[in-house]
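Asker: Sequence and predicted model, in that order:
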Amino acid sequence: MAALSNKEEGFEICLVASDRPAEGLEVAATAGHKTILVDRDIYQSKLEHEAILVEQLTRRKPDLIVLAGYMSVLSATFIKTFDGRIINIHPSLLPDYKGLSTHSRVLADKRIEHGVSVHMVTAALDDGPLIAQAKLAVRAEDTEQTLSDRVLKCEHQLYPAVISAISEGALNLHTQTVIWNDTSRLGAVSAGTITFPKLN
């Protein structure tokens, strides 16, 4: 989970938070970012854990909260506090294949397309208005690992592009509403084909 604050020159990371020990915290700290571990295992309830997260995030006044590998569904109370300011990336073409093991499930179902979705976050698992997707063709020789590698490449291209689009004003997020002002500002994702579900 990263909290971003909007500066004139673009977005800056004002906090990197995790609910479990993670290498990403060390990487962020080495890069000079503020980090915090709010370990869910030391709290008696989800409510108590999220209250600490809210306190830490509110203190830094983020314009955007970016989830990456945050393997927990946020509560309605948390969502309401930051409504319209939380986005997530998921390795499937939502609304298909919510949850875990998306690559193996796609292969088992013999799907011809797979990809990644960036979406606004709600209190439901991998739910919320879609912002953008990157699609790729499933190859006959694909294994779970090769498919995962190619989808990850899409993730690493699409997510930063969406964040940049927000910082440049090409994309506006409101309460459960996605408004693209200029989709051309998203740029290109060489690993897949970008689609804009709200415009289809």
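Answerer: Nice, thanks for sending it over.
Asker: what secondary structure does residue 98 sit in?
Answerer: Taking DSSP: H, G, I helix; E, B strand; the rest coil as the rule, one finds residue 98 in the coil state.
Asker: measure the closest residue to it other than its chain neighbours to residue 195 for me?
Answerer: Counting by Cβ to Cβ, 6 or more residues apart in numbering, residue 126 is the residue found nearest to residue 98 once chain neighbours are left out, at 3.9 Å. In this view, the C-beta of every residue, glycine as well, is placed from N, C-alpha and C. Distance from residue 126 to residue 195, counting by Cβ to Cβ, to the nearest Å: 17 Å.
Asker: So those two - more neighbours on which side?
Answerer: The residue with more neighbours, out of residue 126 and residue 195 and counting by other Cβ atoms under 10 Å, is residue 126; that gives 20 against 17.
Asker: all helices for the chain, in order.
Answerer: In the chain, the helices defined using DSSP state H lie at 23-30, 46-60, 76-81, 102-108, 144-167.
Asker: Which of those helices sits closest to residue 173?
Answerer: When the helices of the chain are compared for distance to residue 173 using Cβ to Cβ, the nearest one is helix 144-167, at 7.0 Å.
Asker: packing partners for the closest one?
Answerer: Contact here means 3 or more Cβ pairs under 8 Å, 6 or more residues apart in numbering; DSSP states H and E; on that basis helix 144-167 packs against strand 10-18, strand 64-67, strand 86-90, helix 102-108, strand 113-120, strand 130-137, strand 171-174.
Asker: buried set for that helix?
Answerer: Judged by neighbour count (16 or more other Cβ atoms under 10 Å), helix 144-167 contains these buried residues: 147-148, 150-151, 153-155, 157-159, 161-167.
Asker: Extract the CA atoms of that helix and return them as PDB.
Answerer: Coordinates of each C-alpha in helix 144-167 appear next as PDB, following Å, rounded to 0.1, in the frame of the first residue of the first chain:
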ATOM      1  CA  GLU A 144       1.300 -20.900 -15.300                       C
ATOM      2  CA  GLN A 145       4.800 -19.500 -14.900                       C
ATOM      3  CA  THR A 146       5.200 -18.100 -18.400                       C
ATOM      4  CA  LEU A 147       1.700 -16.600 -18.300                       C
ATOM      5  CA  SER A 148       2.400 -15.100 -14.900                       C
ATOM      6  CA  ASP A 149       5.600 -13.500 -16.200                       C
ATOM      7  CA  ARG A 150       3.900 -11.900 -19.100                       C
ATOM      8  CA  VAL A 151       1.000 -10.600 -17.000                       C
ATOM      9  CA  LEU A 152       3.400  -9.200 -14.500                       C
ATOM     10  CA  LYS A 153       5.100  -7.300 -17.300                       C
ATOM     11  CA  CYS A 154       1.700  -5.800 -18.200                       C
ATOM     12  CA  GLU A 155       1.200  -4.900 -14.500                       C
ATOM     13  CA  HIS A 156       4.600  -3.100 -14.400                       C
ATOM     14  CA  GLN A 157       3.600  -1.000 -17.400                       C
ATOM     15  CA  LEU A 158      -0.100  -0.300 -16.900                       C
ATOM     16  CA  TYR A 159      -0.100   0.600 -13.200                       C
ATOM     17  CA  PRO A 160       2.500   3.400 -13.500                       C
ATOM     18  CA  ALA A 161       0.800   4.700 -16.600                       C
ATOM     19  CA  VAL A 162      -2.500   4.900 -14.800                       C
ATOM     20  CA  ILE A 163      -0.900   6.800 -11.900                       C
ATOM     21  CA  SER A 164       0.700   9.200 -14.300                       C
ATOM     22  CA  ALA A 165      -2.600   9.800 -16.100                       C
ATOM     23  CA  ILE A 166      -4.100  10.700 -12.700                       C
ATOM     24  CA  SER A 167      -1.200  13.100 -11.900                       C
END
